[in-house]
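Enquirer: got a predicted structure here, sequence first:
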Amino acid sequence: MKIKKFPISIVLFIVFWTTQTHLYALTPDKNLGIIPQPNHIRMKGKTSDISTLKIHLDKNMNSPFYTDLFKGVEGITVVEKKYANVLLKSDDLLGQEAYSIDVTQHQVIISASSGKGFQYALTSLVQMYRFHGLPLPQVLIQDNPVFGYRGMHLDVARHFFTADEVKKYLDYMAMYKFNRFHWHLTDDQGWRVEIKKYPKLQEIAAYRDETLIGHYNDQPHKYDGKRYGGYYTQETIREIVRYAADRNIEIIPELDIPGHSMAALSAYPELGCENKVYKAATSWGVFEDVLCPNEVTFKFLEDVMDEIMALFPGKYIHIGGDECPKEAWKKSDFCQQLIKDKNLKNEEGLQSYFVTRIAGYIQSKGREIIGWDEILEGGLAPGAIVMSWRGVEGGIEAAKQHHYVIMTPNSHCYFDYYQSESPGEPISIGGFIPMEKVYDWNPVPSELTPEQRKYILGGQSNLWTEYIHTFDHVEYMTFARDMALSEALWSKDKDYRRFLNKFEKHYTYWVNKGAHVAFHIYDLKHHVKSEIGKPVQLYFDVPQQATIYYNYEDDNLGTMNGLDTITIDKSGKYTFIASKNNQRGHPLELNFNLHKATTARIYLETLPSDRYAGRGPQSLINGLKGPDSKYGGSEWLGYSGTDCSGFIEFSEETQLNTVSFRFFKGEGQWIYLPKAIEVSVSDDGIHYSSVVSTTEIHTDTKVANISLPLKGIKGKYLKFEAKNYGTIPTGRQGAGYKSWLFIDEIVVD
Ligand code: ACM
């Protein structure tokens, strides 16, 4: 193994080039410690002499939020008007959420047109005071968000969180100027809101008999045998709605219908299509027992919605609509007759009929409805707002149909997914969405015309809690990434490096408050560089200009930095860790297994999904195996519905003894093993002869390791094709959808 240092001229060139392209580095850096980054900052080039803030609040600004905001900040006091050095002025020309802060030599002048604007201004001021350092610079901030809808979602059905925990979530949201709390109150595993007219929702539907232990993909399933549940009384809900309103947050309640309704069915089986005993679900996924579109159900839903609308005064009601299997409706004579009577095309038409009817009821009371993107199927209800979660396609389609859209794609906004590849991460549903990816996200897809873009209201993070049992874990999954999301939704002036500098300070603030915030900003991201015929080389994105310390096996080999590359010329365990001052990242352990293809080149004929592209095709032959426990990340390549095929070019004619492939199996996440693998070999890259194929692909664990004999045949090219499993069969999670195929690594010996 060798380390390569760049010659000094190249170093100088790179430094020169980076300063040229990052002009912000030459201007005052506009880092005032504020997250999300304000949209207009004019540094006046002088400091003020303000080192304490004396704020006068009007009588109509008596929200308890302010008491909380100023609590424990030494040097901030609320005073009578005559003593104030922070002056609040009403300016009706500013928009609802806009504000300005003018820090002069002795005073801070805040302008806004509404309570929202003043809240955002004071939040920014307190952040600047806490995180920038004193005295304050003289600066003019003029700020207004890019998107009007900035949401955070919390699933309290899979696991229940107390009123105090929900309030902590709202406090966090207020700190980062989120304005919509999407409260997922019902699902298969529990109904969490008191409905006076239907007491069995509290007595029965709020509880499940037991809960799955471990991950859904662990076989066989095991259960904890403990009854689990809870619900919010209407009094508690009112208190939380008030608490949110004090922070200018609107709560959007979601009752997920007609699918995800087993808890409701357990209490009121007459809402189902079959005459049977229903139970709240004890494991995760999508279930075939759904609400029946009969008059009993509609009466129930109208009654329930009446109570919900009385509890939640906001504009929006979310009616779910996602993941509703149609099996029960297909088997039901009643549903089949209804399809005929209403002249509907099929069960999708019936879902559209169901949603449209409930939507109409809610809209008749002056509210608007939101549904997950499945509500597009069979036709959108008039006026419905689409929450696009299975990627952005649903949102694009809805915008083209002139419906408003909230973007929450599971490519960027699912914070139940892993945020780090570090092996110590708590068990999660799967996937991989690191903070940087969230930060770079733009909720407006480039496919849309300027006219269509107006329909994108904004974005939201979703936190599904199948694998999240405690509020500490909620904080761990959301707090870091939601800071990044807040800038993605609020700020035009984005700069990830500046964000990381601010993040460190905000992180410390939350940790001192006792919150559990994920800290991965010193974790290393490695890149593998391959050249045909040459050994693998590694280089890193080095966070915050830290130094990398590295070991081979147990030998300490020294340090390197972001301009260095390291040549990997022997197999074994390499460990890297970034460190700067007293901060250090999680160790990155890379177990290289060099084989005949690690010095080869790979070409893919079919490309993986953008979301699961590893670090490019070379990930398949870089000598590193994707982890056994999770897909996603830098190694695994994921194909949605398509085959994986391509060829490997060796630097010279090579004797080929075996080739082995690894595939991930996670049927809970729709990830299936391939149906077949075929391998052929060629001398010239044109004429291939088939060498081996198999359809025997099985595993009892999460990873199938399939080794195929090549019998010492010689060749310069090896072609491979792994056939996608195809459509997911009835009775399985994701039935009817395309399955995923995940592959890594192709080892040639
Ligand atoms: C969803 O994640 N089922 C909306």
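Expert: Happy to help now that I have it.

Enquirer: how about the residues of the chain near the ligand?
Expert: 322-323, 372, 389 (C-beta under 6 Å from any ligand atom). No exception for glycine: its C-beta is placed from N, CA and C like everyone else's.

Enquirer: can you give me the helices for the stretch 51-200 of the chain?
Expert: 64-70, 115-131, 163-175, 200 (DSSP state H, counting those that start in this stretch).

Enquirer: hey, least reliable of the ones you listed by pLDDT?
Expert: Of all the helices of the stretch 51-200 of the chain, the minimum mean pLDDT falls on helix 64-70 (a mean of 87).

Enquirer: just checking, what packs against that helix?
Expert: strand 76-78, helix 115-131 (3 or more C-beta pairs under 8 Å, 6 or more residues apart in numbering; DSSP states H and E).

Enquirer: mean confidence score for stretch 618-629?
Expert: The model assigns stretch 618-629 a mean pLDDT of 95.

Enquirer: quick one: H132 and D29 touch, right?
Expert: No: using C-beta atoms under 8 Å, H132 makes no contact with D29, being 11.0 Å away.

Enquirer: quick check: which of the helices of the stretch 51-200 of the chain is nearest to P426?
Expert: helix 163-175 (17.4 Å; C-beta to C-beta).

Enquirer: in the closest one, what counts as buried?
Expert: With burial defined by 16 or more other C-beta atoms under 10 Å, the residues of helix 163-175 counted as buried are 165-175.

Enquirer: and that helix, what does it pack onto?
Expert: Counting contacts by 3+ C-beta pairs under 8 Å, 6+ apart, helix 163-175 packs against helix 115-131, strand 149-155, strand 180-184, helix 234-246, helix 471-490.

Enquirer: any idea how far the residue lying closest to D68 once chain neighbours are set aside lies from L620?
Expert: Nearest residue to D68, sequence neighbours excluded (C-beta to C-beta, 6 or more residues apart in numbering): D171, at 6.7 Å. Per C-beta to C-beta, to the nearest Å, D171 is found 45 Å from L620.

Enquirer: what of K400?
Expert: 37 Å.

Enquirer: could you do L301 as well?
Expert: In terms of C-beta to C-beta, L301 sits 50 Å off from L620.

Enquirer: shaky segments in this protein?
Expert: 1-28 (pLDDT under 70).

Enquirer: try it again with 80
Expert: Scanning the chain for pLDDT under 80 picks out 1-28, 543.

Enquirer: in contact with G225, which residues are there?
Expert: When the contact criterion is C-beta atoms under 8 Å, 6 or more residues apart in numbering, the partners of G225 are E210.

Enquirer: which ones are touching H132?
Expert: Contacts of H132 by C-beta under 8 Å, 6+ apart are 31-33.

Enquirer: with D289 instead?
Expert: By C-beta under 8 Å, 6+ apart, the contact set of D289 is 261-262, 265, 272, 274, 278, 328.

Enquirer: how does it look with 6 Å?
Expert: Applying C-beta atoms under 6 Å, 6 or more residues apart in numbering, we find D289 in contact with 262, 265, 278.

Enquirer: how many neighbours does the one residue in the stretch 201-350 of the chain that gets nearest to the ligand have?
Expert: Here the residue of the stretch 201-350 of the chain nearest the ligand is D322; by C-beta to the nearest ligand atom that distance is 4.1 Å. Other residues near D322 come to 16 when the count uses other C-beta atoms under 10 Å.

Enquirer: and it, that one's in a strand?
Expert: No: looking at D322 with DSSP: H, G, I helix; E, B strand; the rest coil, it is coil, so not inside a strand.

Enquirer: skipping adjacent residues, who's closest to E203 in space?
Expert: Closest residue to E203 apart from its sequence neighbours, by C-beta to C-beta, 6+ apart: A267 at 7.3 Å.

Enquirer: what of P38?
Expert: Closest to P38 by C-beta to C-beta, 6+ apart is D143, at 4.1 Å.

Enquirer: any idea what that neighbour is bridged to?
Expert: Note on D143: beta-bridge partners by DSSP bridges are Y99.

Enquirer: contacts only, for it.
Expert: Residues in contact with D143 (C-beta under 6 Å, 6+ apart) are 38-39, 99.

Enquirer: list just the nearest of the buried residues of helix 163-175 to the ligand.
Expert: Y169 (18.6 Å).

Enquirer: for that closest one, give its distance to L255.
Expert: The spacing between Y169 and L255, counted by C-beta to C-beta, is 19 Å.

Enquirer: which one of K400 and L620 has more residues nearby?
Expert: More crowded of K400 and L620, by other C-beta under 10 Å: L620, with 27 against 14.

Enquirer: format the helices and strands packed on helix 163-175 as a markdown table; extra columns: mean neighbour count.
Expert: Compiled in a markdown table, these are given as follows (neighbours: other C-beta atoms under 10 Å):
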| stretch | mean neighbour count |
| --- | --- |
| helix 115-131 | 22 |
| strand 149-155 | 26 |
| strand 180-184 | 25 |
| helix 234-246 | 17 |
| helix 471-490 | 24 |
